[in-house]
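Peer 1: here is my input, please return the structure:
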Amino acid sequence: MKWIRLHEPRLLPLRNVGMTGGATLAMIAGNYNVTETFVLPGTAYRHALSGARTLADARRALEKHDFSADAPSFARLVESIGPDITERCSPIVPHSWVWFDPGAFDTAEIFHGLAELQHGIRESWLRLLDIQTIQRARNAGVTEAEYLSTASMAVLAQRADLHPGLSGRAWSPNASLGESNAIVHCTLGTGDAEAAAWEWTVSTTGEVLRRPTASPADERPISQSARLAALLGDRMAMPCTLDWIWDGQELTFLSALPAPAHATARAFSRRALARLTPRPLGPMAADIVVELLHDLSKDAGALLLGHRMPPIPPDVARVFDGSVYIDWTFAHNLLDRAGLPRDALDDLLLQRTTARVRLSAKSLIRLPRVSRAAVAVRLAVPRLERWISDNTTPLAELDGVQVETLTGDETLANLQQLLTFVHPLVLNLLLLLVSSSFRADDLSHALAHRGIQDRLGEVLEAASDTAGLDPWTHLDRIAAKVSDDTARLAAEAIAKGDSEQALRTLCTDLTVERDLEAFMRAFSFFRTSIVDVGSPTLQERSDLLPVALLRARETGAATRVEAAHDPLAWLDSLPGGSDILLRKRYQAMMRTSAVTEKAWFYVTKSLSRARMLLLHAGDLLVERGQLDRRDDVLLLERKELVQDGDLRAITANRAAIVQSNMTSTAPEVIVIE
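Peer 2: Model (predicted):
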């Protein structure tokens, strides 16, 4: 057991001093006035925990630990800071343990004499073995043995007989809670800062924005501690708090510590949805996406967990400033129970290339407690094919874009039926994404066995090009037929801003004209950005077609079409590409990619149909004088479509909010207590 003085520059930087120690160390490194601080890394206790096999063994080892061997270290400690010592605990756990709540360790304790200090240190370490903490570890998939071999703690010690005066605590801005300013509490004497009598709100530049009606003292320590808290939060990359005292002349900082969310807090994240909704959505689009995500959570839980499905929060998906967030706390819990890695949703939805996949089939299939999930993923491809076979009629109706003859009630009824129809399709798509990850993992191992694992990205790209239903693939096939002269004339028309002339020029070839008409019928949902009910369809923006067609031609459409004629021919060109197992896994990847593309195809067609129905509802509202423009219907929520009154005031207010959301940057994670 070794005590190390934190304030000696030659010992910096220190490792494994815990969260509180790390934040305190950051203050010392910045030459701030921090009271003399010592740290006990806790090596002896670390061995006691890691050597235990069970929780009971660990408790006994800590309770029986003998401090006599460390007497010289404690003697030096008492000689330096006196018999009365303030102890602050600083847990040391992996950053991946987001479930760990260090809130139980953020209160400083004062001990009188060595015997009381030793007892306090022992009790502090026993708090690491709190049954609630161990239970959270189990819920997060961390075994008891893994916890005991990994968790540790440092103890910080400071003088307890500090000068009297103002005692305070400053909180850094917390963007995840929407807080852009620092908060400072203080009280007279050395009382608990949590019970402070006064509160200030201070900007990151030190300007006092709000103060108590009767300011009790000089505000210099208030603004200075607020600025330091903000700087510390930036340096630690997380919200922080710091304790301080002021004697009227000198400001002394004590220890700083991170300010984690409470154990019962819920974290909402938009990272996993960034690929699907990279920009803020309007109220109607967000309303529909939230409903789909809620039903997806319900359907996925029922499929993967059956009767073990936990209750679904009514706001499992919600909207903040136009961005859709999913309850990451609930999602992690659901994934844990299903036997999937906690980051599986991020891995699946953020795959800009499947070559970076981290989800392995072995991580799921070999776990006996998740047989339901394993079977569902294994049958993902035939499951969607059977669903398509069972729904041929409603799928064919998606091409019936004519909605002008529908009444208002019929329009809303069609919209509800359409969204209900999409629910199982979205679940199938999620299962196919998991299956695609598994197929990519299998293919990666097959390539690595032959020493050509660096070609995985090219193999997956080739498989993706043969999927069959991707609009870009069909544009490639049409673009490859456009002659150089025709392309030049169309480009000149586009440069003059005449998209209609460009389209007529491209259609002088009868084959291209016929293919473009077929493309328009099949891919009326095609967009240049994301797929949601807020994006214009190709039917509405026909001027996009010649631009997209020429762009495909310029970027190598002919080469991609040639490669897609015989996808196995490209594989044969690789060293060892003729291997039977490799070819089998490559073909499985191609089939899964094609079926996954079908799922995306029908989801996007459904949402395109939903947009057409909504715009028709907007036309009817304009006719009744409730709206000025049909596009304003996208500023409403679905429940407002049945209102009889004037809706123009609502849409006017919402338009300003939506515009503000478009220019703002939403936080990645929002925590709600």
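Peer 1: give me the three-state assignment for the residue of the chain most remote from its centre.
Peer 2: Residue farthest from the centre of the chain, counting by Cα atoms, centre = their mean, is residue 79 at 49.9 Å. Secondary structure for residue 79, judged by DSSP: H, G, I helix; E, B strand; the rest coil, is helix.
Peer 1: against residue 85, how distant is it?
Peer 2: Residue 79 sits 12 Å away from residue 85, going by Cβ to Cβ, to the nearest Å. Every residue, glycine included, has its C-beta placed from N, CA and C.
Peer 1: just residue 62 next, same as before
Peer 2: Distance from residue 62 to residue 85, counting by Cβ to Cβ: 20 Å.
Peer 1: residue 653 too?
Peer 2: Counting by Cβ to Cβ - residue 653 and residue 85 are separated by 59 Å.
Peer 1: more neighbours: which of the two?
Peer 2: For residue 653 versus residue 85, neighbours defined as other Cβ atoms under 10 Å are more numerous around residue 85 (24 against 11).
Peer 1: for that one, what are phi and psi?
Peer 2: Main-chain torsions, residue 85, degrees, to the nearest 10: phi -130, psi 140.
Peer 1: hey, what's it bridged with?
Peer 2: Legend: beta-bridge partners of residue 85 under DSSP bridges are residue 111, residue 159.
Peer 1: ok, it - contacts?
Peer 2: Listed by Cβ atoms under 8 Å, 6 or more residues apart in numbering, the contact set of residue 85 reads 77, 78, 110, 111, 117, 157, 158, 159, 160.
Peer 1: so where's the stretch 551-673 of the chain uncertain?
Peer 2: Across the stretch 551-673 of the chain, the ranges flagged by pLDDT under 70 are 564-567, 569-570, 663-669, 671-673.
Peer 1: what ranges does it have for its helices?
Peer 2: Under the criterion DSSP state H, counting those that start in this stretch, helices of the stretch 551-673 of the chain are mapped to 557-565, 567-572, 580-623, 648-663.
Peer 1: among these, which is the most enclosed?
Peer 2: Among the helices of the stretch 551-673 of the chain, judged by mean count of other Cβ atoms under 10 Å, the one packed with the most neighbours on average is helix 580-623 (a mean of 20).
Peer 1: who does that helix touch, helix- and strand-wise?
Peer 2: helix 283-305, helix 380-390, helix 408-449, helix 456-465, helix 567-572 (3 or more Cβ pairs under 8 Å, 6 or more residues apart in numbering; DSSP states H and E).
Peer 1: can you put these in CSV and add distance to residue 40?
Peer 2: Output for those, formatted as CSV (distance: least, Cβ to Cβ, whole Å):
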stretch, distance to residue 40
helix 283-305, 44
helix 380-390, 53
helix 408-449, 45
helix 456-465, 48
helix 567-572, 60
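Peer 1: which stretch among those helices comes nearest residue 232?
Peer 2: Minimum separation from residue 232 across these (Cβ to Cβ) falls at helix 283-305, 35.4 Å.
Peer 1: neighbours of residue 27, how many?
Peer 2: Neighbours of residue 27 under the rule other Cβ under 10 Å: 23.
Peer 1: where in the stretch 301-450 of the chain is pLDDT low?
Peer 2: Ranges of the stretch 301-450 of the chain meeting pLDDT under 70: 336, 339-371, 400-401.
Peer 1: please repeat the previous calculation with a cut-off of 90.
Peer 2: For the stretch 301-450 of the chain, applying pLDDT under 90 flags the ranges 301-315, 318-380, 392-406, 408, 423, 427, 429-450.
Peer 1: what's the spacing between the nearest residue to residue 578 once chain neighbours are set aside and residue 582?
Peer 2: What sits nearest to residue 578 in space, not counting adjacent residues and going by Cβ to Cβ, 6 or more residues apart in numbering, is residue 572, at 5.9 Å. Separation of residue 572 from residue 582 (Cβ to Cβ): 10 Å.
Peer 1: list the contacts for residue 486?
Peer 2: 505, 506, 508, 509, 512.
Peer 1: just checking, the second one touches residue 546?
Peer 2: Yep, that's residue 506 we're talking about. Yes. Applying Cβ atoms under 8 Å, one finds residue 506 in contact with residue 546, separated by 5.9 Å.
Peer 1: who touches both of these two?
Peer 2: residue 490.
Peer 1: which positions in the helix or strand harbouring residue 169 come out as buried?
Peer 2: If you go by DSSP states H and E, residue 169 is part of strand 166-171. Using 16 or more other Cβ atoms under 10 Å as the test for burial, strand 166-171 gives 166, 167, 168, 169, 170, 171.
Peer 1: that older thread, and the helices of the stretch 551-673 of the chain as TSV, adding distance to residue 394?
Peer 2: Shown next, in TSV, are those (distance: least, Cβ to Cβ, whole Å):
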stretch	distance to residue 394
helix 557-565	30
helix 567-572	32
helix 580-623	9
helix 648-663	32
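Peer 1: wait, which of those is closest to residue 452?
Peer 2: Of all these, helix 580-623 sits nearest to residue 452, with 9.2 Å by Cβ to Cβ.
Peer 1: distance from the chain centre to that closest one, please.
Peer 2: Centroid separation for helix 580-623 versus its chain: 24 Å, with Cα atoms, centre = their mean, to the nearest Å.
Peer 1: next, the angle helix 408-449 makes with it.
Peer 2: 160 degrees (axes from the mean of the first three to the mean of the last three Cα atoms, to 10 degrees).
Peer 1: circling back to that earlier point, out of the contacts of residue 85, the closest to residue 500 would be?
Peer 2: Looking at these and their distance to residue 500, the nearest is residue 158, at 77.3 Å (Cβ to Cβ).
Peer 1: before we move on, what SS does the residue positioned nearest the centre of the chain have?
Peer 2: The centroid of the chain falls nearest to residue 271 when counting by Cα atoms, centre = their mean (3.1 Å). Following three-state DSSP, we place residue 271 in the coil state.
Peer 1: tell me how far it lies from residue 338.
Peer 2: Distance from residue 271 to residue 338, counting by Cβ to Cβ: 20 Å.
Peer 1: which of the contacts of residue 486 has the most neighbours?
Peer 2: Of those, with other Cβ under 10 Å as the count, residue 506 tops at 24 neighbours.
Peer 1: fine by me, thanks again.
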